[in-house]
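Engineer: Provided below are the primary sequence and the corresponding predicted coordinates.
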Amino acid sequence: MLHNNFSKDFAKQFRSESELYTATEEFPFGNLLIRQYAGDNGELSAIGEKLIDTFFNTRFIAQLLHSLKNENLPIDRQLLNKIKWFKNECETCQQREPYTARFYKDHIAMLLSFSELMNALINDFQDQVYDPLEQYYTHLTESANIAAVESSSIAPIIDMTEFYMKNILAYYNYIVTAWQFEASNSRSDKGVQLTSYIADQLQELMAYTENLIDSIDNIRSLMLCWIAQIQITEEQELYN
């Protein structure tokens, strides 16, 4: 049997002249034209949402936006406020206790450096992650005729989260060591474990930092899942 090669113009004319039913509704989706011939309007909307999620991974984007807005960024700011407050407390103690000024001086230097890192983290996560992602998601829900995110654009963000994770862990280890030293020097002569004011504040700072570490790890996990899904789609497009 011979294979007949039909031109696109012939196929287009054939469809326009040979369709038995007229579509009640249609809308373009990227390179696709979706037509509805029967059923209610909700079915077409559901199909559109499913296609958007399939092509653009809106589920991961929505989870990232929710985590950044309601968990990560608030935790970042809480920790930064705690660092600034604790730094002021150490400066006050330094003035009151000149014999231990060197001890507080080390803490103050660490807290100042930590606050600078947190300021940079908040600005980067807001300007380079949340704001562009929110703008992209808004345009995506309004129109599907936009380019999908490529895996190459997600990789630098993952590298950024790993950079901050590495540095925050370094500060966390310093805080733990300082707390252990302070707690070990707070024992009374009778062996009763006492806690000093600085030890209590260091322990509280540890808890704040642990929350941030968990939050960043969650963001990184979502990013890794997202980029894996994008790479699968890119491979399918390559072989198709």
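Structural biologist: That came in fine, so what should we check first?

Engineer: host element of E182?
Structural biologist: Assigned by DSSP states H and E, E182 belongs to helix 151-184.

Engineer: what's that helix packed up against?
Structural biologist: Here helix 151-184 touches helix 101-124, helix 197-239, going by 3 or more C-beta pairs under 8 Å, 6 or more residues apart in numbering; DSSP states H and E. The way it works is simple: take the backbone N, C-alpha and C, and place the C-beta from them, glycine included.

Engineer: So for the shortest one, what gets flagged as buried?
Structural biologist: The one in question is helix 101-124. Residues of helix 101-124 classed as buried: 103-104, 107-108, 110-111, 114-115, 117-118, 121-122, 124 (neighbour count, 16 or more other C-beta atoms under 10 Å).

Engineer: and those residues as JSON lines, adding distance to A207 and pLDDT?
Structural biologist: Listed next are these as JSON lines, based on distance: C-beta to C-beta, whole Å; pLDDT from 0 to 100:
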{"residue": "F103", "distance to A207": "22", "pLDDT": "80"}
{"residue": "Y104", "distance to A207": "21", "pLDDT": "87"}
{"residue": "H107", "distance to A207": "17", "pLDDT": "92"}
{"residue": "I108", "distance to A207": "21", "pLDDT": "94"}
{"residue": "M110", "distance to A207": "17", "pLDDT": "95"}
{"residue": "L111", "distance to A207": "16", "pLDDT": "97"}
{"residue": "F114", "distance to A207": "15", "pLDDT": "98"}
{"residue": "S115", "distance to A207": "17", "pLDDT": "98"}
{"residue": "L117", "distance to A207": "18", "pLDDT": "98"}
{"residue": "M118", "distance to A207": "16", "pLDDT": "98"}
{"residue": "L121", "distance to A207": "18", "pLDDT": "98"}
{"residue": "I122", "distance to A207": "19", "pLDDT": "97"}
{"residue": "D124", "distance to A207": "24", "pLDDT": "96"}
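
Engineer: Looking at those residues, which is nearest Q231?
Structural biologist: D124 (24.0 Å; C-beta to C-beta).

Engineer: could you list every residue that touches that closest one?
Structural biologist: 160, 164 (C-beta atoms under 8 Å, 6 or more residues apart in numbering).

Engineer: Try it again at 10 Å.
Structural biologist: Neighbouring residues of D124 by C-beta atoms under 10 Å, 6 or more residues apart in numbering: 130, 157, 160-161, 163-164.

Engineer: L212 now?
Structural biologist: Neighbours of L212 in contact, by C-beta under 10 Å, 6+ apart: 72, 75-76, 78-80, 118, 121, 164-165, 168, 171-172.

Engineer: Can you select the buried ones from these in ChimeraX?
Structural biologist: To isolate the buried ones among the contacts of L212 in ChimeraX, judged by 16+ other C-beta under 10 Å, type:
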select :72,75,76,79,80,118,121,164,165,168,171,172
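
Engineer: Can you tell me the closest non-neighbouring residue to K105?
Structural biologist: Q94 (6.7 Å; C-beta to C-beta, 6 or more residues apart in numbering).
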